[in-house]
Structure formats: structure tokens, C-alpha cells
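**Q** sequence first, predicted model second:
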Amino acid sequence: MLLTTKLLIGFTAIAITGISLFKPFSDEKYFDLETKNKTSVKTQSPGKEIYFDFCVQCHGANGKGDLKNFPPLDDSDWLKNKRKESIAAVKFGQSGEIVVNKIKYNNAMPAMGLSNQEVADVMNYIMTSWSNKQSKIVTESEVAAIKK
Ligand code: HEC
């Protein structure tokens, strides 16, 4: 009888410790995946976050556009050779015929209402992503100086 009681107490104690170690309801187990991803994108580059918020739906995650309605940014001769016009396009929107890598586009990109700093950040992202290797960085004051 005494032994049974001891064993019972012993087992109960082990069970309780076991449960508390396992902590089935501890919040450490539940972290917000979305916030985690957002923060890491942000620290990686503010321009990347802007790109995935504002540009990706037309130009694609790989920057290749669709070669029909949406021109590519990856390896785009327009982006490479027309620095001012490219900044102006992102700052003010762009429509009418343009030729990118020998393909004609005649469509419209709306102005997205980005601040000069955001335009600079996203330009630096697209100019250094995929196969693009622009070395002269775009500054906020360079964007501010570009008029329509
Ligand atoms: C609604 C679709 C759409 C969105 C969103 C969009 N673009 Fe465009 N973009 C276009 C189209 C269409 C053109 C070509 C316009 C024309 O035909 O004159 C273009 C042209 C460009 C060009 C010049 C041509 C080239 O391919 O090099 C750049 C640079 C550019 N976009 C960058 C951006 C950036 C950066 C963003 C996000 C901040 C963005 N675009 C968001 C549709 C879009």
C-alpha cells in the first residue's frame, strides 16, 4: 500500500514535469511567419521590398516582364543606357512607344506615388539585380533633380 502510494506520487510528479517541459501552450512555439519574412526583406534592402510591393506584378520576380506588354528590367538596354529617362519613368509614369532590347512596347506604366528616396531605393534594387550590374548608385537628390 505504501509502495503503491509512493509510486503513484512519483508518476504524477514525472507526468507534471513532463508536461511543463513540453509546454504545449507556450507562445515561443507560435511566431508570426509573415512578420519574420517582412523584417528580413526590409533589412536586406528597402528597394527589394518596394519592388515586390509595386513592380513585381508587371515586371515579374525575375525582372523579365512578359516581352509583350511589359518590358524586361533584367538586362534592359533602356534601363542601362537611359538612366534619366528610367528614373523619370518610375517617378512620373511612362507611356507611349518605347523599344527595349529591340522589342516595341506601347503601353502605360502608372506613376506609383513613391517618394524620391523610394524611387532611388527601387532603382538601386533593379539596377543591381538579376544580371544587372550598375555601379553608380542613384541618390535621393539625383531623383529630386529629375523633372517631367
Ligand atoms: C501596371 C504595370 C506596371 C507596374 C506596376 C510597373 N511597371 Fe514599369 N513599365 C510598365 C510598362 C507597360 C512599361 C513600358 C511603358 C511604355 O510602353 O511606354 C514600363 C517601363 C518601365 C521601365 C523602362 C523600360 C525598361 O524596361 O527598362 C522601367 C525602368 C520600369 N518600368 C521600372 C518599373 C519599376 C521600378 C516599377 C515599380 C516601382 C514599375 N516599373 C512598375 C508597366 C509597369
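**A** Received the coordinates, thanks.
**Q** how about the helices in this structure?
**A** Ranges of helices within the chain are 2-22, 33-44, 46-50, 56-59, 77-81, 83-92, 116-127, 140-144, based on DSSP state H.
**Q** select from these the stretch with the lowest mean pLDDT.
**A** Of all the helices of the chain, the minimum mean pLDDT falls on helix 33-44 (a mean of 49).
**Q** show residues contacting stretch 113-130.
**A** For stretch 113-130, the external contacting residues (CB atoms under 8 Å, 6 or more residues apart in numbering) are 45-48, 50-51, 54-55, 62-63, 73-75, 79, 86-87, 90-91, 132, 134, 137-144. C-beta: built from backbone N, CA, C; applies to glycine.
**Q** sorry, slip of the keys, the one I care about is stretch 91-103.
**A** Residues from elsewhere that reach stretch 91-103 (CB under 8 Å, 6+ apart): 67, 71-72, 75-78, 88, 104-112, 114, 116, 119, 143, 146, 148.
**Q** at 7 Å instead, please
**A** Stretch 91-103 is contacted by residues 67, 71-72, 76-78, 104-106, 108-111, 119, 143, 146, 148 when judged by CB atoms under 7 Å, 6 or more residues apart in numbering.
**Q** among the contacts of stretch 113-130, which are in reach of the ligand?
**A** Counting by CB under 6 Å from any ligand atom, 54-55, 73, 79, 86, 90 from these sit close to the ligand.
**Q** format those as a markdown table; extra columns: distance to residue 98 and neighbour count.
**A** Shown next, in a markdown table, are these (distance: CB to CB, whole Å; neighbours: other CB atoms under 10 Å):
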| residue | distance to residue 98 | neighbour count |
| --- | --- | --- |
| 54 | 19 | 17 |
| 55 | 16 | 21 |
| 73 | 13 | 25 |
| 79 | 11 | 24 |
| 86 | 10 | 21 |
| 90 | 13 | 26 |
